[in-house]
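*Asks:* sequence first, then the predicted structure:
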Amino acid sequence: MGSPVLLHIWLTACSEDNDKLVVSGMLFMADPAKTVETTQMEQVEPAKDKWADKPDALVLRSGHTGKRWPLDITFAHPWTNSHRRRYTGRISGTLTLEPLDARLMEFQVLAGPRFHTFCTFHAADSVSPPWPDPSAPEAPQPRPQLATAMGLEGLRRCEWKEGKKKDRTSYMIISPYFDMPAGEYVTLLEQHMRFHAHLGVRRYLVYVEGGAAALAAEPRVQGMIAAGRLRVVVWEDLPHYFEGNSTTRHPYASQSLTYNHALLALWHENALAAIADVDEYLLTVKQGGLADVMYECDEKGSGSPASLQVNRRVGFCTGCVQVIYNRENDVSFHEKLDRPALNKAHPLERALWLNGSAAITDEVRQAAPFGIVPHPVAMYNVSTGDTEFKSIVVVHQISTTNPHIAYPVEGKRGTGCSSRKAYWLHIRSQVAMRLRSSFTDVRDVRADVMWVVREMEDAAKGEQDGGSKKGEDRRLRVGTSRVGRA
């Protein structure tokens, strides 16, 4: 007799019409007897193969009318992907409800055969609470209520059903926070939010696996939450996983699960989301938001991919090296990426990220490309190649995601993006020095992808000059005359 298999299910729902309930969810199987052998949670692939393809593998049943609705289960597409079953499975279904079920919206979740228990799904309580709106009058935000009369009016609508592409809200889903000093983490998060606000990203989802109390006590976190900019999710749905037979928590064990949970939490919205870490910054040639990046990068030119895979490149604080060694701006690549020089300059690099303006001396300003350092990214002038991607997605069109690739639902497509148009700058040595054994595909960070830094510089100069007119005029010139070598 084999060890037991645990089936974890997360479900949410929104209303399409007065009698139609649209259900979405994710599932994960785990063997509690197994330890984590890779950077992701161990999967039970044979069990999935034997169970998920069977009819009625997963069913919603009404305890009031006895009606049953089979749910669809899919895994990462395309089917040629040999690792598709290692990721979370997607659950979907559309239920046409009788009046009693439309009023109560309470269902049993049944898995068969051979699963011994069931759980209850309360559809009306399955969505995330509304984000705070600081501009609204001070009043408690109402929670979605149970439907009244004969319809589903009390349930949130599927916003993507009627929403337009131009109205999509942009989110950033950040990799789990894991016991880093809370003050340092929040400083890095603030830097990330300041930068990507220029790309239209207004809301962040951050998952917490350790150190939740310290993070929640941070006044800046409380301010971000109150302003509707941040939502912190404490990830305690599963047991803690450890590395091998040790007592050390595995820092990446739940990473794919939290990313998929975040997409599920936003699923009913008409939304875009970028999936990244706090040390990854999106650099684009074209000024605009996430929707503009997807349109510009789309290889087929239709502007409607469900997922965009954007290359990642490793950034180096060569401006820090110039400060330490008092070098000129035309230093060769090899000198800029000299390992002893990078190591010697790392304390300054770390200080720029964690100490803010206190680390910006006259010497630093002299080395900065614009004579001012509105953001630490301004000091990163060289990048090297990386083999990984990060995703930008249309939330409701994604089946499943891992840290690097998002898989669209059947019938939708994904596409790649040339690094000549956009890439993620990975600040690997943001806090601790992390140099790879070799450097490949060494390039300058082009001036045209630094438009966010220039906008920050304009704003800072405008404040110094007592007005913003000068900065506004310069921003218009930057927007029409961007140049840079390929």
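*Replies:* Sure thing, it's come through.

*Asks:* run through the bridge partners of C14.
*Replies:* V22 (DSSP bridges).

*Asks:* quick one, what contacts it?
*Replies:* Going by CB atoms under 8 Å, 6 or more residues apart in numbering, C14 touches L21, V22, V127, L155, R156, R157, C158, E159, W267, H268. Where you see a C-beta, it was placed from the backbone N, CA and C, and this is true even at glycine.

*Asks:* where do the helices of the stretch 251-400 of the chain begin and end?
*Replies:* Applying DSSP state H, counting those that start in this stretch to the stretch 251-400 of the chain gives helices spanning 255-265, 290-297, 318-325, 333-336, 339-354, 362-367.

*Asks:* and the ones you listed, which one is worst for confidence?
*Replies:* The minimum mean pLDDT among those belongs to helix 333-336 (a mean of 55).

*Asks:* coming back round to it: quick check: which of the helices of the stretch 251-400 of the chain is nearest to T169?
*Replies:* Checking the helices of the stretch 251-400 of the chain against T169 by CB to CB gives helix 290-297 as the closest, at 9.9 Å.

*Asks:* tell me the helices and strands packed up against the closest one.
*Replies:* strand 271-276, strand 280-284, strand 307-316, strand 389-394, strand 414-417, strand 422-426 (3 or more CB pairs under 8 Å, 6 or more residues apart in numbering; DSSP states H and E).

*Asks:* need the contact partners of that helix.
*Replies:* 165-166, 168, 170, 199-201, 272, 274, 282, 284-286, 288, 303, 305, 308, 310, 392, 394, 415-418, 421-422.

*Asks:* from those residues, keep the buried residues only.
*Replies:* For the contacts of helix 290-297, a burial check counting by 16 or more other CB atoms under 10 Å picks out 168, 170, 199-201, 272, 274, 282, 284-286, 305, 308, 310, 392, 394, 415, 417, 421-422.

*Asks:* for L100, which non-adjacent residue is closest in space?
*Replies:* Leaving aside its chain neighbours, L100 sits nearest to H64 (5.4 Å; criterion: CB to CB, 6 or more residues apart in numbering).

*Asks:* which residues does Y407 form beta bridges with?
*Replies:* Beta-bridge partners recorded for Y407 (DSSP bridges): T400.

*Asks:* which residues are contacting the helix or strand encompassing V109?
*Replies:* Using DSSP states H and E, V109 sits within strand 106-111. Strand 106-111 is contacted from outside by 7, 9, 11, 51, 57-64, 101, 118-123, using CB under 8 Å, 6+ apart.

*Asks:* same question for it, mean pLDDT?
*Replies:* Strand 106-111 comes out at a mean pLDDT of 94.

*Asks:* quick check: next helix or strand after that strand?
*Replies:* Next along the chain after strand 106-111, taking DSSP H and E as the criterion, comes strand 119-122.

*Asks:* quick one, what contacts M224?
*Replies:* L189, M193, Y204, L230.

*Asks:* pLDDT value on the nearest residue to the last one once chain neighbours are set aside, please?
*Replies:* When you say that, I think you mean L230. Residue nearest to L230 in three dimensions, not counting chain neighbours: M224, with 3.7 Å by CB to CB, 6+ apart. M224 carries a pLDDT value of 95.

*Asks:* mind putting the helices of the stretch 251-400 of the chain in CSV, mean neighbour count and distance to A212 included?
*Replies:* Shown next, in CSV, are these (neighbours: other CB atoms under 10 Å; distance: least, CB to CB, whole Å):
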stretch, mean neighbour count, distance to A212
helix 255-265, 23, 13
helix 290-297, 21, 28
helix 318-325, 23, 33
helix 333-336, 14, 40
helix 339-354, 18, 21
helix 362-367, 15, 35
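
*Asks:* closest one to A447 among those helices?
*Replies:* Smallest distance to A447 across those (CB to CB): 13.9 Å, for helix 318-325.

*Asks:* which elements pack onto that closest one?
*Replies:* The contact analysis (3+ CB pairs under 8 Å, 6+ apart) places helix 318-325 against helix 339-354, helix 362-367.

*Asks:* closest one to V377 among those?
*Replies:* helix 339-354 (9.6 Å).

*Asks:* which strands or helices does that closest one pack on?
*Replies:* Packing contacts for helix 339-354, counted by 3+ CB pairs under 8 Å, 6+ apart, involve helix 182-196, helix 318-325.

*Asks:* if we use 6 Å, what do you get?
*Replies:* The contact analysis (3 or more CB pairs under 6 Å, 6 or more residues apart in numbering; DSSP states H and E) places helix 339-354 against helix 318-325.

*Asks:* C-alpha coordinates for the helix it packs on, PDB please?
*Replies:* Output of helix 318-325 as PDB, limited to C-alpha atoms (Å, rounded to 0.1, in the frame of the first residue of the first chain):
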ATOM      1  CA  THR A 318      29.600  50.100 -12.800                       C
ATOM      2  CA  GLY A 319      28.800  53.600 -11.600                       C
ATOM      3  CA  CYS A 320      29.800  52.300  -8.100                       C
ATOM      4  CA  VAL A 321      33.100  51.100  -9.600                       C
ATOM      5  CA  GLN A 322      33.700  54.500 -11.100                       C
ATOM      6  CA  VAL A 323      33.100  56.100  -7.700                       C
ATOM      7  CA  ILE A 324      35.500  53.800  -5.900                       C
ATOM      8  CA  TYR A 325      38.300  54.000  -8.600                       C
END
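
*Asks:* what does it rub up against?
*Replies:* Contact partners of helix 318-325, identified using CB atoms under 6 Å, 6 or more residues apart in numbering, comprise K336, A341, K344, A345, L348, E349, E363, V364, A367, M379, N381, V382.

*Asks:* how far out from the middle of the chain is it?
*Replies:* Computed by CA atoms, centre = their mean, to the nearest Å, the chain-centroid distance of helix 318-325 equals 32 Å.
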